[in-house]
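Colleague: A predicted structure for the sequence below; I have some questions about it.
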Amino acid sequence: MQIQDLGDKILNGDRRALARAITLVESRRADHRAEAAALLDHLRMAGRQAVRIGLSGTPGVGKSTFIEAFGMMLTAQGLRVAVLAVDPSSARSGGSILGDKTRMERLSRDPMAFIRPSPSQSHLGGVARRTREAVELCEAAGFDVILIETVGVGQSETVVAEMSDLFILLLAPAGGDELQGVKRGIMEMADIILVNKADGDLKPAATRTCSDYAGALRLLRKRPQDPEGFPKAMMVSAQTEAGLTEAWVEMQALIRWRRENGFWDRRRADQALYWFDQEVRQALLARLETAAAKSAMADLSARVAAGDISPAVAAEEMLRDHLGK
Ligand SMILES: Nc1nc2c(ncn2[C@@H]2O[C@H](COP(=O)(O)OP(=O)(O)O)[C@@H](O)[C@H]2O)c(=O)[nH]1
Ligand SMILES: [Mg+2]
């Protein structure tokens, strides 16, 4: 395969080339990894940027329904939309969160949209890198907006927030006045909280939930990357499509402000540093996964357990012998 040729096709918006390139970056084969790196280097020169929107929410809040409705609204405005996912559970469950094409039937048939399920790998670090690279490929292919979905479990929100320009938390109306057990750390990552299902019988509960979260957001420490009024909580209905235009208007206002005030570039630079750090750590850990390292680890473990050697000295020995090249 000619990498240069594949790259040029992607820059021309060729969707089959894009799909092929995503398959390439998902591969773990060493020769594929090298080709993927060359391809991404080639494409980076084009310097294209999309608006990357991360979207998180627990199962059932309406992520798929929202992405379909929101995506269709964007394509109707002439914007090209790509949808990706970070789904660490997909390897286990066998089906990715984007697998439920029924809820995204219209969007998946829309020629302005491109939907790609999460690579099925259980290792979150691997999923993160491949999704990040898929994001870069979609940017090079000329997409205007990239939606990156994740389920609200474990570390996956951080992974998505660290590859997004905007991080959106989708919530459902709550029964009581409890804050749905949303962890403070997740709240602090959110740029906009969208309370979905603000329709029919659920409208009053949605209104309450929205004002509860607006209050909670106001109590958070002010972040330099936010203009007055952000982060904010808003109501939407993915089903009736109410509030979707308003949500997009707010997202664009936030993006514009951040661009004009240097926070857009700074965030992307900070994210690049974050992933550099992660890659170094993961590569170091991978060196402990070789057969030789595992066997040395087992030997040292036995000696540590027997009290023959201290944990610290054993660790030093391990690092000395197995972290070098
Ligand atoms: N009333 C109402 N139901 C919704 C809305 N959005 C999604 N749902 C319903 O909520 C359920 C879960 O939606 P889905 O998009 O699959 O959620 P996901 O698991 O977060 O992807 C489905 O039965 C949807 O029809 C909405 O705006 N209003
Ligand atoms: Mg879904």
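Modeller: Thanks, I have it. Ligands and ions are numbered 1, 2, ... in the order given.

Colleague: Beyond the helix or strand hosting residue 301, next helix or strand please.
Modeller: Per DSSP states H and E, residue 301 falls inside helix 291-305. The C-terminal neighbour of helix 291-305 among helices and strands, as given by DSSP H and E, is helix 311-322.

Colleague: picking up where we left off before, what's next to the helix holding residue 301, contact-wise?
Modeller: Helix 291-305 is contacted by residues 287-288, 309-311, 314, 317-318, 321-322 when judged by C-beta atoms under 8 Å, 6 or more residues apart in numbering. To be clear about C-beta, it is placed using only N, CA and C from the backbone, and glycine gets the same treatment.

Colleague: rerun that using 6 Å as the cut-off
Modeller: Helix 291-305 has contacts (C-beta atoms under 6 Å, 6 or more residues apart in numbering) with 309, 311, 314, 318, 322.

Colleague: ChimeraX command for the buried members of the residues you listed?
Modeller: A single ChimeraX command selects the buried members of those (16 or more other C-beta atoms under 10 Å):
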select :309,314,318,322
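
Colleague: Tell me the one of the contacts of helix 291-305 nearest ligand 2?
Modeller: Ligand 2 has its nearest neighbour among those in residue 322, at 41.8 Å by C-beta to the ion.

Colleague: so how far is residue 173 from the closest one?
Modeller: 53 Å (C-beta to C-beta, to the nearest Å).

Colleague: what angle sits between the helix holding residue 301 and helix 311-322?
Modeller: 160 degrees (axes from the mean of the first three to the mean of the last three C-alpha atoms, to 10 degrees).

Colleague: Can I get helix 291-305 in CSV, CA atoms only?
Modeller: The C-alpha trace of helix 291-305 is given here as CSV (Å, rounded to 0.1, in the frame of the first residue of the first chain):
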residue,chain,number,x,y,z
ALA,A,291,8.4,-13.0,29.0
ALA,A,292,11.9,-12.3,30.4
ALA,A,293,10.6,-9.5,32.6
LYS,A,294,7.7,-11.5,33.8
SER,A,295,9.9,-14.4,34.8
ALA,A,296,12.3,-12.0,36.6
MET,A,297,9.4,-10.4,38.3
ALA,A,298,8.2,-13.9,39.5
ASP,A,299,11.7,-14.8,40.8
LEU,A,300,12.0,-11.5,42.6
SER,A,301,8.5,-11.8,44.0
ALA,A,302,9.4,-15.1,45.6
ARG,A,303,12.5,-13.6,47.2
VAL,A,304,10.6,-10.6,48.4
ALA,A,305,7.9,-12.8,49.9
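
Colleague: Work out the gap between that helix and the centre of the chain.
Modeller: How far helix 291-305 lies from its chain's middle: 36 Å, per C-alpha atoms, centre = their mean, to the nearest Å.

Colleague: in that helix, what counts as buried?
Modeller: By 16+ other C-beta under 10 Å, the buried positions in helix 291-305 come out as 293, 296, 300, 304.

Colleague: Kindly report the same for stretch 25-40.
Modeller: For stretch 25-40, by 16+ other C-beta under 10 Å, it's 25-26, 35-36, 39-40.

Colleague: same thing with stretch 56-66?
Modeller: Neighbour counts over stretch 56-66 (16+ other C-beta under 10 Å) mark 56-57, 61-66 as buried.

Colleague: what's that stretch in contact with?
Modeller: Identification of contacts with stretch 56-66 by C-beta under 6 Å, 6+ apart yields 100, 103-104, 149-150, 152, 157, 169-170, 172, 196, 238.
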